[in-house]
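Q: give the three-dimensional model of this entry:
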Amino acid sequence: MGFLREITEEYLGALQYVKEVPRDVKLPTSRDIVALVGPRRAGKTFLMLKSVKNLLDSGKQALYISFDELQIRRIDARKLAEMAREEYPRGEIHLFLDEVQEWENWDSKLRWLHDVKDFFLYVTGSSSALQSSEIPSRLRGRYTSVLLLPFSFREVSSKEKIDITTFRERGAIKALLNDYMTWGGFPEVWIYRSREKLVSLLETMFYRDVMERHRIRETAVFLELARLAISSYSCPVTWHSLRKAMRATGVNVDVKTVMSYVEYMRQANLLFPVKRFTFSEREAMASPKKIYLVDPGIATLLEKPMDRGRRAENLVFLELVRRGYEPCYYVTKTGKEVDFVTMRERTVVEVALEDWEKHTGKVAETARELGVDEATIVTWDAEGEEKAGNCRIFLVPLWKWLLQEPKK
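A: Reported below is the predicted structural model:
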């Protein structure tokens, strides 16, 4: 066994000490470079190691290489390819490259490895140095990206093995959902239900992925804006309204800085600004944005008691993203706001945990204006089907909607 295989086996040996929650995300086999992106501590390295193990167990050829290893960091692409061929003289090799930002000129080296066509390439790295916004320009069309978010509710509930066919177990699944809405799905935070770990994670994202990376000097200004933006999750905001809220706290900042700071947090996968759907791009740009957090647990640090309605809306947004949708919010011609529409899949989703009856009219209005004949209202308990004009409206409890298998 050669040097690279020895390192691979050492890292795989660490899997036995990890409390595993099986992931729904699978890395594709692609001729393009597969770039695994997402927030820090969401489990990217673990997913790569599990993929390596599964490939080796199935008789395929795979190597895991971490550029945290100093002796590997100095190797050029050609030498790395030669070392991989010493391990596996024939056939195609799956190369998993972690902490790739530590490899000097990593983009040109990856392009070379891609172009020799001997390898299936999978890469990931620190959120502070390797962000999804950089990958298109640096890999020049040779990549496909896979977004890894924190655990979904479906993933954490699969570990519990709850039988939802009985009323007792349905109560248990709702209790688990309340826990998930409180702590979110970052692996360490979820497993230990630890506020301390949540604080540590958020501070690291602020300081390393945003302030350090973008060389922000006005630390207090950024932290105050971050607090206001996070506190505004699941609500419409404008850059001017955030600026006005900052001024109310005694901090004077211009709109351009507000826009930049929110964009930095988006690049770090900390939050997602969502546009209004309209057929006019100019109107969409001028309309308020809605902010959603990468994980509901983040809101726990700033919100007490929990606003269950806003947390539920944030969860539905994240699940739509996991399913590959690009959700927007919608405003009807009569000025009524509906939480989510996705035009490619022709989906309309409204979150109304209580008093869902008050929402059927605007949901049907949205469906009619967009030319679709069905919609979903996500509730807390209510379940069934309603008819409003030509629109079929499905009422689905939040826990059941989150557990649905995504359509292929």
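Q: tell me what the host helix or strand of L320 is packed against?
A: Following DSSP states H and E, one finds L320 within helix 308-322. The elements that helix 308-322 packs onto, with contact taken as 3 or more CB pairs under 8 Å, 6 or more residues apart in numbering; DSSP states H and E, are helix 167-183, strand 271-274, strand 289-293, helix 297-300, strand 337-342, strand 347-351, helix 398-403. Every C-beta, even on glycine, is put in place using the N, C-alpha and C of the backbone.
Q: turn the ones you listed into TSV, including mean pLDDT.
A: As requested, the helices and strands packed on helix 308-322 are exported to TSV (pLDDT from 0 to 100):
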stretch	mean pLDDT
helix 167-183	88
strand 271-274	96
strand 289-293	98
helix 297-300	96
strand 337-342	97
strand 347-351	97
helix 398-403	95
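Q: before we move on, back to that, tell me the angle the helix holding L320 makes with strand 337-342.
A: 20 degrees (axes from the mean of the first three to the mean of the last three CA atoms, to 10 degrees).
Q: closest to D118 out of the helices and strands packed on helix 308-322?
A: Among those, strand 271-274 comes nearest to D118, with 37.3 Å by CB to CB.
Q: run a quick neighbour tally on E82.
A: Applying other CB atoms under 10 Å, we find 11 residues neighbouring E82.
Q: separation between the nearest residue to N252 once chain neighbours are set aside and L228?
A: With sequence-adjacent residues excluded and distances taken as CB to CB, 6 or more residues apart in numbering, N252 is closest to M246, at 7.4 Å. To L228, M246 is 7 Å away according to CB to CB, to the nearest Å.
Q: ranges for the strands of the stretch 101-250 of the chain?
A: With DSSP state E, counting those that start in this stretch as the criterion, the stretch 101-250 of the chain has strands at 119-123, 143-147, 236-237.
Q: among the ones you listed, which is the most enclosed?
A: Comparing the strands of the stretch 101-250 of the chain by mean neighbour count (mean count of other CB atoms under 10 Å), strand 119-123 ranks first with a mean of 24.
Q: can you list contacts of that one?
A: Contacts with strand 119-123, where a contact means CB atoms under 8 Å, 6 or more residues apart in numbering, come from 27, 29-31, 33-36, 48, 51, 81, 84, 92-98, 100, 106, 110, 113-114, 130.
Q: so how far is stretch 227-237 from its chain's centroid?
A: 18 Å (CA atoms, centre = their mean, to the nearest Å).
Q: contacting residues for the nearest residue to C328 once chain neighbours are set aside?
A: Once flanking residues are discounted, C328 sits nearest to F277: 3.7 Å by CB to CB, 6+ apart. Contacts for F277 (CB under 8 Å, 6+ apart) come out as 284, 328-330, 341, 343.
Q: need the residues you listed in CSV with distance to L370 and neighbour count, can you?
A: Output for the contacts of F277, formatted as CSV (distance: CB to CB, whole Å; neighbours: other CB atoms under 10 Å):
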residue, distance to L370, neighbour count
A284, 15, 14
C328, 11, 19
Y329, 13, 20
Y330, 8, 23
V341, 6, 24
M343, 7, 16
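Q: thinking again about what came up before, contacts only, for the residue nearest to N252.
A: Each residue near M246 by CB under 8 Å, 6+ apart is listed here: 221, 224-225, 228, 252-253, 258.
Q: can I see the domain layout of this protein?
A: Taking automatic domain parsing as the reference, the chain has its domains at 3-147, 152-300, 323-408.
Q: what's around Q267, how many residues?
A: For Q267, the count of nearby residues is 17 (other CB under 10 Å).
Q: and for K304?
A: Look at K304: counted by other CB under 10 Å, it has 8 neighbours.
Q: same check on L301?
A: Neighbour count of L301, defined by other CB under 10 Å: 13.
Q: list the contacts for it?
A: Going by CB under 8 Å, 6+ apart, L301 touches 195, 198-199, 202.
Q: which residues sit in contact with D76?
A: K109.
Q: next one: it from S108, what distance?
A: Using CB to CB, we find D76 at a distance of 10 Å from S108.
Q: quick check: phi and psi at A35.
A: Here is the backbone geometry of A35 (degrees, to the nearest 10): phi -100, psi 120.
Q: pairing partners for it in the sheet, please.
A: Beta bridges link A35 to V123, S145 when assigned by DSSP bridges.
Q: right, and it touches L148 too?
A: No. Using CB atoms under 8 Å, A35 makes no contact with L148, being 10.7 Å away.
Q: neighbour count: those two, which is higher?
A: Counted by other CB under 10 Å, A35 and L148 do not tie: A35 has more neighbours, with 25 against 20.
Q: so M259 is in contact with W239, correct?
A: Yes. Look at M259 against W239 with CB under 8 Å: they come within range, at 5.3 Å.
Q: neighbour count for the two, which is higher?
A: W239 (17 against 14).
Q: so where is the chain shaky, pLDDT-wise?
A: By pLDDT under 70, the low-scoring segments of the chain are 127-137, 159-168, 406-408.
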